[in-house]
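Turn this into a model:
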Amino acid sequence: MNPVVHFEMPYQDKERVAKFYTEAFGWGTQQLGPEMGEYVTAATAETDENHMVKTPGTINGGFYAKNSDAPYPSVVISVDDVNAAMAKVVAAGGTVQGEPMPIPGIGLYVSFVDTEGNRASLLRATK
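Got it, this is the predicted structure:
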């Protein structure tokens, strides 16, 4: 079974979204630059030195600039092999969006769209 390990939600204003979740829920946020797509990380749970959550059942997440390809929240699913998971997505009727990309210190990531039009992603964590 492949668990959900991360959430992602779109934003229109990255400073505003970071401020909201920090003030409303006490989440730690970090605003990344253009080299990381203006992504905003969201720490909702304590992590270890490998950026993995310490408490089972908790996940962290992030925010990305809202766009027509990804206007809604999505989840990231942990897989052991990104290429094999991509093949399963396609075989099950989904569509993979682009090629896997490395996220420094995190792992290999690629998005897909399921049979219902929902965007989600696959992540092979760096060990």
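
alpha carbons only for contacts and neighbour counts from here, please
Noted.

Kindly list the main-chain dihedrals of residue 125?
Main-chain torsions, residue 125, degrees, to the nearest 10: phi -70, psi 140.

So it versus residue 108, what's the distance?
6 Å (CA to CA, to the nearest Å).

give me every residue that touches the residue lying farthest from the centre of the chain.
Distance to the chain centre peaks in the chain at residue 91, reaching 22.6 Å (criterion: CA atoms, centre = their mean). Shown in contact with residue 91 (CA atoms under 8 Å, 6 or more residues apart in numbering): no residues.

Then residue 21?
If you count contacts by CA under 8 Å, 6+ apart, then residue 21 has residue 27 around it.

Distance check, it against residue 8.
On the measure of CA to CA, residue 21 and residue 8 end up 13 Å apart.

can you map out the strands along the chain?
For the chain, strands defined by DSSP state E occupy the ranges 4-11, 28-31, 40-43, 60-65, 74-78, 95-103, 107-113, 119-125.

Export the third one to CSV, keeping only CA atoms.
In CSV, the C-alpha atoms belonging to strand 40-43 read as follows (Å, rounded to 0.1, in the frame of the first residue of the first chain):
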residue,chain,number,x,y,z
VAL,A,40,5.9,27.6,0.1
THR,A,41,6.6,24.7,2.4
ALA,A,42,4.2,24.0,5.3
ALA,A,43,5.5,22.2,8.5
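
Where is the longest helix in the protein?
When the chain is scanned for its longest helix (criterion: DSSP state H), the result is helix 14-25.

Now do it: distance to the chain's middle.
18 Å (CA atoms, centre = their mean, to the nearest Å).

Kindly calculate the angle that it makes with strand 60-65.
150 degrees (axes from the mean of the first three to the mean of the last three CA atoms, to 10 degrees).
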